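>>> Just the structure for this:
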Amino acid sequence: MRTFLPVAAAITLTLAGCTTGGSTAAPGAAATTLTVAQWTNAGAIEFTKQLNAKFEKAHPGVTVKLQSTGTANGAWAQLANSLLQAKSVDVLARFAPTQAAFPPESTGIQPSGVAALITAGQLTDLKNQPFMKNYDAATQAAAVGHKGGVYGVMAASYAAAGAIWYKKDLLAQHGISVPATFQEFLDACATFKKAGKTPIFLSGKVGMQGGIWQGIENQLLMKGREPAESVDVSAERAKAFWDGTQKWTDPVYKEIGARYAKVMQYVEPAASGVDQQTAPGVWAVKTDDYPFLVDGSWDGLTIQQANPKLNLGFFVLPGTDDAAANRVAFKPDLTWVVPASAPHKDLAMQWLAMFSEPDNYRQWLRLTGSLSAQPQVQNTGLPWMDWLDAHTAGSFTQLTPPWTPPGAPLDASGPDFYKLAPIGPDSLETILSRSAAAYAKSAGH
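As a prediction, the model looks like this:
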C-alpha cells in the first residue's frame, strides 16, 4: 500500500444517521449499482464493507459494489485504469498526488498519474461539496488541490517517514522510555544490544530501511520551520535541485547518511531477506526480542491480529538531538476521487457524505490506523496511538523528493537503499555521488 521511497477489532457501525436524499431508486424501479473501488487493506476493506451495508439500508434499491485487489505487481493500477476506461466506477481510491506532482511549466515535466487526470479534467472538483467542511482545507489542498480546486477527499494519512512500532513491555523491562532525541534512540538500541537483543526489525527486501533515512531527512530539513511550511520546503528544495544549486552530495545529505549508518548498525543482520508481507507478524510474535519495528502506522491491524496480547506502542524516530524539532511527518495516502465519467455522481457524493460523518470517520481511523484529516475527530481511543495523539499538534506533511523528468534513472530521485550499506555493498559516498550525477544528467546540468 505504500513505499518509502491499519488496529482494534472491527466494531459494528451504528445505523444511526442518514444522508441527504438524491438518486435513491424508487420502489419498483430497477436496482442501481454504485461502484466503489479501493486497493486491498484489511482495515480499510472492513470499514468500506460496513459503510456500504449502511448506505444500502439508507438508500433502498441501491446496491454498492466493492471492487478491490492488492497493490503488488501493478494489480491495483491495472484495475483502476480499466475501471476508468470503462467509465464504470463512481468512487475510486487513489494515492494523493500532493503538490510535487504539479511541477512548474518551465520544467517541461508533464503531470502523470492522478495529477494527469486532474489536469485533463477527468476528476470532479469536490471543493464546494458540503462534506468537505469536515476536513482541514489546507491539508486537502496540499494533498489533492490544483488551481483552486480540490479533486478528492484525502481520507487517510500515515506516519511513514521514520515510523517505528515498539513493544511497551520490553522497553519497560529495560527501563527505557520512548526516545525524544536521536542520541536517546541510539542509547536505547545500545542498551538492548548489550542485553543480547536485536534492536530493530524491518523488511529490507522492499526497502523499508528507507524510512530511517527519510525520517532523519524530514526532521533535519524541517528544523526551524513551521509545520505549515512543509509544502514550501519541498518546493524550495525541488527548485534548488532543478537549478543545480543543491545536490545529493551536499553536507546535509552526508549528515543524514551518517545518522542513517548509526541506526542501521542495530538492524537485524538478515533484514535484506525479510519480506514485508510477513515482517509485522514475525515481529509481533517475537515478544522477547526486536523491541523496534520500522513500518508505517498502517500495519497496526496486521500486528494485532498476529499477536492480540502484545502491548503495542508507536512513535516516530527522533532525527535530531533537539526534542522540539522532532515532529510527526505524515504521508497523504488513500484519497477518494469521483471520476467525471462516474455513472452515478449524485450517489457518489452521498456516499462520501456518509463516509465523512464524524462518527463514521472515527471508525475509519480506528480500523485503518490513519491519522485524522478532520480537525474535530482526533483521538480514536486506540492504545497504541497514545504517543501520536500527544504529538499531533506539530505534525507536518512529509517532504517530497525533487522533481525528476520522465525516464530519469531511479538514482536521480535519491539514494538507492537496496545498494547502500549495510543492506547493499556500496558506501554512502558512492551512493550520493551516483545520485548527484544521475540527477544532474536528467536535469540537463
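>>> Please name the residues that touch residue 130.
Applying C-beta atoms under 8 Å, 6 or more residues apart in numbering to residue 130 gives the contacts residue 353. All C-beta spots, glycine's among them, are computed from the backbone N, C-alpha and C.
>>> Do you know the pLDDT at it?
Per-residue confidence at residue 130 stands at 98 (pLDDT).
>>> list the helices and strands the helix or strand containing residue 54 packs on?
Using DSSP states H and E, residue 54 sits in helix 42-58. Helices and strands touching helix 42-58, by 3 or more C-beta pairs under 8 Å, 6 or more residues apart in numbering; DSSP states H and E, are strand 32-39, strand 62-69, helix 300-306, helix 345-356, helix 358-368.
>>> could those go into CSV alongside mean neighbour count and mean pLDDT?
Below are the helices and strands packed on helix 42-58 laid out as CSV (neighbours: other C-beta atoms under 10 Å; pLDDT from 0 to 100):
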stretch, mean neighbour count, mean pLDDT
strand 32-39, 21, 97
strand 62-69, 17, 97
helix 300-306, 21, 90
helix 345-356, 22, 98
helix 358-368, 22, 93
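>>> among those, which is nearest residue 79?
strand 62-69 (5.0 Å; C-beta to C-beta).
>>> outside of the closest one, which residues touch it?
Applying C-beta under 8 Å, 6+ apart, the contact partners of strand 62-69 are 23-25, 31-40, 45, 48-49, 52, 55-56, 75-76, 79, 83, 89, 347, 351.
>>> ok, back up a step: out of the helices and strands packed on helix 42-58, which is closest to residue 375?
Among the helices and strands packed on helix 42-58, the nearest to residue 375 by C-beta to C-beta is helix 358-368 (10.5 Å).
>>> now the helix or strand following the closest one, how far from the centre of its chain.
Heading C-terminal from helix 358-368, the first helix or strand you meet, by DSSP H and E, is helix 386-390. A distance of 17 Å separates the centroid of the chain from that of helix 386-390, by C-alpha atoms, centre = their mean, to the nearest Å.
>>> Equivalent analysis for stretch 374-383, please.
Distance of stretch 374-383 from the chain centroid (C-alpha atoms, centre = their mean) equals 17 Å.
>>> Would you mind pulling the contact partners of that stretch?
7-8, 134-136, 300, 312, 356, 358, 361-362, 365-366, 369, 372, 385, 389, 392.
>>> try 7 Å this time
7-8, 134-136, 358, 361-362, 365-366, 372, 389, 392 (C-beta atoms under 7 Å, 6 or more residues apart in numbering).
>>> which stretches of this structure form strands?
32-39, 62-69, 91-95, 145-146, 149-150, 153-154, 157-159, 163-167, 200-201, 292-294, 312-316, 329-332, 334-337, 396-397 (DSSP state E).
>>> any chance of those strands in CSV, with distance to residue 410 too?
Below are the strands of the chain laid out as CSV (distance: least, C-beta to C-beta, whole Å):
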stretch, distance to residue 410
strand 32-39, 23
strand 62-69, 25
strand 91-95, 18
strand 145-146, 26
strand 149-150, 31
strand 153-154, 26
strand 157-159, 23
strand 163-167, 22
strand 200-201, 25
strand 292-294, 21
strand 312-316, 26
strand 329-332, 19
strand 334-337, 25
strand 396-397, 23
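>>> Between these, which one is closest to residue 323.
strand 312-316 (12.0 Å).
>>> follow-up on the earlier one: the strands of the chain: which one's closest to residue 128?
Of all these, strand 149-150 sits nearest to residue 128, with 8.9 Å by C-beta to C-beta.
>>> and the closest one, which strands flank it?
Its sheet considered, strand 149-150 pairs with strand 145-146 (antiparallel) by DSSP bridges.
>>> how much distance is there from the strand it pairs with to the middle of the chain?
Taking the mean of its C-alpha atoms, strand 145-146 sits 19 Å from the chain's own mean (C-alpha atoms, centre = their mean).
>>> So for stretch 413-420, what gets flagged as buried?
Within stretch 413-420, the residues scored as buried using 16 or more other C-beta atoms under 10 Å are 413, 414, 415, 416, 417, 418, 420.
>>> do stretch 41-58 as well
Neighbour-count burial for stretch 41-58 [16+ other C-beta under 10 Å]: 41-48, 50-52, 54-55.
>>> got the domain boundaries for the chain?
Per automatic domain parsing, the structural domains of the chain span 32-156+333-370, 159-330+398-443.
>>> and of the strands of the chain, who's closest to residue 250?
Nearest of the strands of the chain (C-beta to C-beta): strand 329-332, 20.2 Å.
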